[in-house]
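In: everything below, folded, please.
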Amino acid sequence: MARNNGNALTVRSNENVVRWNPWAEFDRMHRYMDDLFASLMGYTPLSRMLGSTAFVGDPELSPDVFETDEEIVFVVPLPGINPEDLHIEATTDTISIRGERKPFYQAENAVQHRQSLWTARGTGTFQISYTLPVEINPNKVEANYRNGVLEVHLPKAEAVKPKTVKINVNK
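Out: You can find the predicted model right below:
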């Protein structure tokens, strides 16, 4: 915020919307410990039972964010997720997207074979939340899910939409 003769002047930069995940550090530590024990003892049956934790802090969930004069648009690739398993909550300054990705194949006696703890596609529940750079109208939020991509349109609140002012020139 810049000050000019005691009057406050709000300065807004074009910084990216930032996601905060309080569990990301624990996920990094978990992966580090898994890799450490795997390098010492190989992957154990216990490590296979723990499954993938790919959704915690997963960069795959990082959306592309676009801003126009009228709205903010989030585009999130979420392949393999049933749209009925997605839930979106919006307030005037935040958006939260949560859901669940289920395994492609499930059978009672099936055993998953893999060479490491990491799979090409994580399964489980996830939640991501973002603080928005401007206020939105949460009652007019619309979301579409097509071809594995979630697109969320967040219309800006009227108070933050730019106004065009005509300048009168006196001759």
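In: drop to CA atoms for contacts and neighbour counts, all remaining ones
Out: Will do.
In: tell me the SS of residue 144?
Out: strand (DSSP: H, G, I helix; E, B strand; the rest coil).
In: partners of it in the sheet?
Out: Counting by DSSP bridges, residue 144 is bridged to residue 151.
In: do the same with residue 65
Out: residue 74.
In: and it, how far from residue 80?
Out: 21 Å (C-alpha to C-alpha, to the nearest Å).
In: cool, and residue 102?
Out: Residue 102 is 8 Å from residue 80, by C-alpha to C-alpha.
In: read off the pLDDT value for the closest residue to residue 157 other than its chain neighbours.
Out: The shortest distance from residue 157 to any non-neighbouring residue, by C-alpha to C-alpha, 6 or more residues apart in numbering, is to residue 136 (4.5 Å). Per-residue pLDDT puts residue 136 at 93.
In: residues contacting residue 136?
Out: Contact analysis of residue 136 by C-alpha atoms under 8 Å, 6 or more residues apart in numbering lists 71, 91, 92, 93, 154, 155, 156, 157.
In: and for the residue nearest to the first one when sequence neighbours are not counted, the neighbour number?
Out: In this case it means residue 71. Closest residue to residue 71 in three dimensions, ignoring its sequence neighbours and counting by C-alpha to C-alpha, 6+ apart: residue 155, at 4.2 Å. By the measure other C-alpha atoms under 10 Å, the count of residues near residue 155 is 22.
In: so what touches the helix or strand encompassing residue 155?
Out: If you go by DSSP states H and E, residue 155 is part of strand 149-155. Contact with strand 149-155 is made by 70-79, 136-138, 140-145, as judged by C-alpha under 8 Å, 6+ apart.
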